[in-house]
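J.: below: sequence and its predicted model.
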Amino acid sequence: MPKGCKKLMKAWFSHAFKKAIQLLSGQSGAQGAALYFAHIPKTAGTSFIVLLDRFFATDKIFPHQLWREVSKIDTAENQAYRLFRGHFGGGGVKQLTARPIQPITILRSPETLATSTYEFVKREKNTKVHELVSANDMSLAAFLQHPQTAALVSDRMVRNLSFDFKEDPAAQEVFLSAETIAQLQPIINQQKSAISDEARLNRAKKFIESCAWFGLLERFDESLQWLSFVNRWPPFGLTQKLNRRKKQRQLSTEESQLIAEMNAFDSRLYDWASKRFDSQYQSMLNALERFRTEQDESVDELLDKHYRSHHAKAIKGSLPLGMAYGFDQPLLGSQWHRRELMQPENEYFRWTGPDAVASIDFWIEPADYELIIRVINATDVTVLNELKLTINNQPLHWHTADEGVVRVLRATVPMDAIATDGLARLGFHCGSMVSHQQAFGSDDERLVGVAVHRMEFKHVN
């Protein structure tokens, strides 16, 4: 890489890193930036949002993900939200809040994006053109060329990221509620003339340049490592991709050519972004080397040291003496599925998984504690009976007066089990993991172990 480019990339890297840390550590002030995940359809956004949401309290997440779900836009009320995510287009989200926006997104190979979109429309009855595709037994080649479906597989990433109600409203299909249309009418009336595809590509590149982070679906695990590094989060570890087709479709020469012709600008964006990603990821690897103490340490192990070092410094002198935790709060940990709401308590729980060992970090004053955990379900009573708990890899001996799969577990946590910097990494070790589908006869394919409702470290005098 030329020397000038290296300097430019280093400057960008430093800027993005500082911006992300300021945003996600809460240092940006009451009117600071909100994080916005621009979800391009069929780019693993469903899986990613589950991971992203864990770092924000429920009352800080804008609840809607589609324009048609938004009714009256109350920018004053929306000031409270620190995370927006959904299909709002690159610039459309600016109409939802007066806060400055810090965007992130995920890109995907145009070829697999097109084929995944086709397969999704075929199987999902609620999509707008499902009936058309199904009734005509439409082939992929026909889908690519039909006037009612071609827009779904033509430069969709560029059009999505370029979209703005005023600057480039024609770039994306937007379905608004009647109330939102009325509210946005003054902006819609200011729409500028159509722009060229080249200008649209440049807008998409500028969007990527403004991102604190972006990922590539084909390098999803590496993308998550980069996200952990930028935000000083624990590594994600094993993830389970949701809404993913089991088998890759083999394309004919005709289909490949059609996709390439229809996605010339998406291909240029993806190739350009891939080079940028390579440079960012390598910068991360170089920076992590300062944490290495063993030759065979993995990237995730180095990321964990990076997170722990920065987090310990950030909270030094403010460690609480005990803590009560519910899953409406942010989660620092690994191997937890999405939040789920339980009734009548109107509170949240999470299943452990997909890996057999789930962890959650508590940062507390070293002292003697009683650990209290409420479990509300398990794939099997035996799984719960054989559940092992650890604190910083030290085994805990739990007991309970309850039977069945709804139990309150109690364990003594001695002071010397808490790290001197305050870390109490609570581990849930399940002997086996099975799909929710297998355990309960649902259509949920997530690998799960036990369902946890709440946890508390209660100081023992």
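T.: That came through, no problem. Numbering: from 1, shown residues only.
J.: hey, C-alpha coordinates of stretch 130-139 in PDB?
T.: Listed next in PDB are the C-alpha coordinates belonging to stretch 130-139 (Å, rounded to 0.1, in the frame of the first residue of the first chain):
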ATOM      1  CA  HIS A 130     -44.600 -14.100  -3.400                       C
ATOM      2  CA  GLU A 131     -47.900 -14.900  -5.100                       C
ATOM      3  CA  LEU A 132     -46.600 -13.700  -8.500                       C
ATOM      4  CA  VAL A 133     -43.400 -15.800  -8.200                       C
ATOM      5  CA  SER A 134     -45.300 -18.900  -6.800                       C
ATOM      6  CA  ALA A 135     -48.200 -18.800  -9.200                       C
ATOM      7  CA  ASN A 136     -45.900 -18.600 -12.200                       C
ATOM      8  CA  ASP A 137     -43.400 -21.100 -10.800                       C
ATOM      9  CA  MET A 138     -40.900 -18.400 -11.700                       C
ATOM     10  CA  SER A 139     -37.300 -19.400 -12.300                       C
END
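J.: what does that stretch rub up against?
T.: Identification of contacts with stretch 130-139 by C-beta atoms under 8 Å, 6 or more residues apart in numbering yields 121, 122, 124, 142, 143, 146, 148, 149. Every C-beta, even on glycine, is put in place using the N, C-alpha and C of the backbone.
J.: and that stretch, what's buried?
T.: For stretch 130-139, a neighbour-count test (16 or more other C-beta atoms under 10 Å) marks 133, 138 as buried.
J.: ok, back up a step: of the contacts of stretch 130-139, which belong to helices?
T.: Per DSSP state H, helices hold the following members of the contacts of stretch 130-139: 121, 122, 142, 143.
J.: can you redo those residues as TSV with distance to residue 324 and pLDDT?
T.: Below are those laid out as TSV (distance: C-beta to C-beta, whole Å; pLDDT from 0 to 100):
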residue	distance to residue 324	pLDDT
121	46	93
122	48	92
142	58	94
143	53	94
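J.: and the residues you listed, which is closest to residue 367?
T.: Comparing those against residue 367 with C-beta to C-beta places residue 121 closest, at 56.8 Å.
J.: thought the closest one was touching residue 129?
T.: Yes. Using C-beta atoms under 8 Å, residue 121 is in contact with residue 129, at 5.9 Å.
J.: identify the contacts common to the two.
T.: With C-beta under 8 Å, 6+ apart applied, the overlap between the contact sets of residue 121 and residue 129 consists of 149, 152.
J.: out of those two, which sits in the more crowded spot?
T.: Using other C-beta atoms under 10 Å as the criterion, residue 121 and residue 129 rank with residue 121 on top: 22 against 16.
J.: enumerate every residue touching that one.
T.: 127, 129, 130, 133, 143, 149, 152.
J.: helix or strand next in line after the helix or strand hosting residue 77, which one?
T.: Residue 77 is located in helix 75-78, with elements delineated by DSSP states H and E. Following helix 75-78 in sequence order, the next helix or strand is strand 83-86 (DSSP H and E).
J.: list of residues touching the helix holding residue 77?
T.: In contact with helix 75-78 (C-beta under 8 Å, 6+ apart) are residues 62, 96, 97, 98, 99.
J.: filter those down to the buried ones, PyMOL style.
T.: Of the contacts of helix 75-78, the buried ones can be selected in PyMOL as follows, counting by 16+ other C-beta under 10 Å:
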select buried, resi 62+96+97+99
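J.: dump the contacts of helix 75-78 to JSON lines, plus distance to residue 173.
T.: Formatted as JSON lines, these follow (distance: C-beta to C-beta, whole Å):
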{"residue": "62", "distance to residue 173": "21"}
{"residue": "96", "distance to residue 173": "18"}
{"residue": "97", "distance to residue 173": "23"}
{"residue": "98", "distance to residue 173": "26"}
{"residue": "99", "distance to residue 173": "26"}
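J.: would you double-check that residue 46 falls in a strand?
T.: No. Looking at residue 46 with DSSP: H, G, I helix; E, B strand; the rest coil, it is helix, so not inside a strand.
J.: relative to residue 323, how far out is residue 334?
T.: 19 Å (C-beta to C-beta, to the nearest Å).
J.: try residue 34
T.: 27 Å.
J.: more neighbours: which of those two?
T.: Taking neighbours as other C-beta under 10 Å, residue 34 and residue 323 compare with residue 34 leading, 24 against 18.
J.: quick one, what contacts the more buried one?
T.: By C-beta under 8 Å, 6+ apart, the neighbours of residue 34 are 81, 82, 83, 84, 97, 99, 100, 101, 102.
J.: drop anything exposed from the residues you listed.
T.: Buried, going by 16+ other C-beta under 10 Å: 81, 82, 83, 84, 97, 99, 101, 102, out of the contacts of residue 34.
J.: pretty sure the first one contacts residue 58?
T.: Going back to what we said before, that points to residue 81. No. Using C-beta under 8 Å, residue 81 is not in contact with residue 58; the gap is 10.8 Å.
J.: and the buried ones among the contacts of residue 34, which is closest to residue 360?
T.: residue 83 (19.7 Å).
J.: quick one: secondary structure of the residue lying closest to residue 122 once chain neighbours are set aside?
T.: For residue 122, ignoring the flanking residues on the chain, the nearest one in space by C-beta to C-beta, 6 or more residues apart in numbering is residue 133 at 5.8 Å. Here residue 133 is recorded as helix under three-state DSSP.
J.: widest-spaced pair of the contacts of residue 34?
T.: Checking those with C-beta to C-beta, the most distant pair is 83 and 100, at 13.8 Å.
J.: gap between the helix holding residue 77 and the chain center?
T.: Helix 75-78 has its C-alpha centroid displaced from the chain centroid by 23 Å (C-alpha atoms, centre = their mean, to the nearest Å).
J.: do stretch 91-99 as well
T.: Using C-alpha atoms, centre = their mean, the offset of stretch 91-99 from its chain centre is 20 Å.
J.: quick one: end-to-end length of it, please.
T.: 13 Å (C-alpha to C-alpha, to the nearest Å).
J.: residues making contact with that stretch?
T.: Under C-beta under 8 Å, 6+ apart, the answer for stretch 91-99 is 31-34, 36, 38, 62, 67, 70, 73, 75, 78-79, 81, 84, 88, 101, 162-165, 167-168, 174, 184, 187, 207.
J.: selection in ChimeraX covering whichever of the residues you listed are buried, please.
T.: Applying 16+ other C-beta under 10 Å to the contacts of stretch 91-99 leaves a buried subset, and the ChimeraX line that selects it is:
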select :33,34,36,38,62,67,70,78,81,84,88,101,162,163,164,165,167,168,174,184,207
